[in-house]
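Engineer: let me see the structure of the following:
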Amino acid sequence: MNHNKLLYVDDEFINLQLFKFNFQKDYTLFLASSGPEALNILEKEDINVIISDLKMPGMNGIELIKTIKDKSPDKICLMLSAYYISEAKEMGLDESLIHKYIVKPWNKNEIIASLSNLFPKS
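Structural biologist: As a prediction, this is how the structure comes out:
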């Protein structure tokens, strides 16, 4: 099992590309532009860490993480959003579902620090 697999979910193409550019050397990256696409990837790949944007059309990040956690409570989910945590809570965010909440625009070092504890050192 590869513990360095990471799924990043964001409906904005530029954000997916930026994330890929910054992290593809450090992790086996999977990118999805929607909740259903992310769930499809998770059915095929053994990925333990998921980072999702909050605001996405159709299935938002909260709905996605709830769906992931219902099937696999051991998965580690991080939430990225331009919204503050209080606004995310108003949208239905249950903090017990997420490992960490990161406010956009994200900082590469903050994400590296958050992820470094989640993956074994190689």
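Engineer: alpha carbons only for contacts and neighbour counts from here, please
Structural biologist: Noted.
Engineer: three-state assignment of residue 57?
Structural biologist: coil (DSSP: H, G, I helix; E, B strand; the rest coil).
Engineer: tell me the contacts of it?
Structural biologist: 11, 34 (Cα atoms under 8 Å, 6 or more residues apart in numbering).
Engineer: same question, residue 58
Structural biologist: With contact set as Cα under 8 Å, 6+ apart, residue 58 has these partners: 34-35.
Engineer: can you list the weak-confidence ranges in the protein?
Structural biologist: 1-3, 120-122 (pLDDT under 70).
Engineer: and the residue nearest the centre of it?
Structural biologist: A centroid search over the chain (Cα atoms, centre = their mean) returns residue 51, at 0.9 Å, as the residue closest to the centre.
Engineer: how about stretch 37-57: buried residues?
Structural biologist: Residues of stretch 37-57 classed as buried: 38-39, 41-42, 47-56 (neighbour count, 16 or more other Cα atoms under 10 Å).
Engineer: actually stretch 12-30, not the one I wrote
Structural biologist: 15-16, 19-20, 27, 29-30.
Engineer: how about stretch 86-103?
Structural biologist: Buried residues in stretch 86-103 (16+ other Cα under 10 Å): 88, 93, 97-102.
Engineer: just put those residues in TSV and tack on distance to residue 4 and secondary structure.
Structural biologist: Output for the buried residues of stretch 86-103, formatted as TSV (distance: Cα to Cα, whole Å; DSSP: H, G, I helix; E, B strand; the rest coil):
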residue	distance to residue 4	secondary structure
88	28	helix
93	26	coil
97	21	helix
98	19	coil
99	17	coil
100	18	strand
101	20	strand
102	20	strand
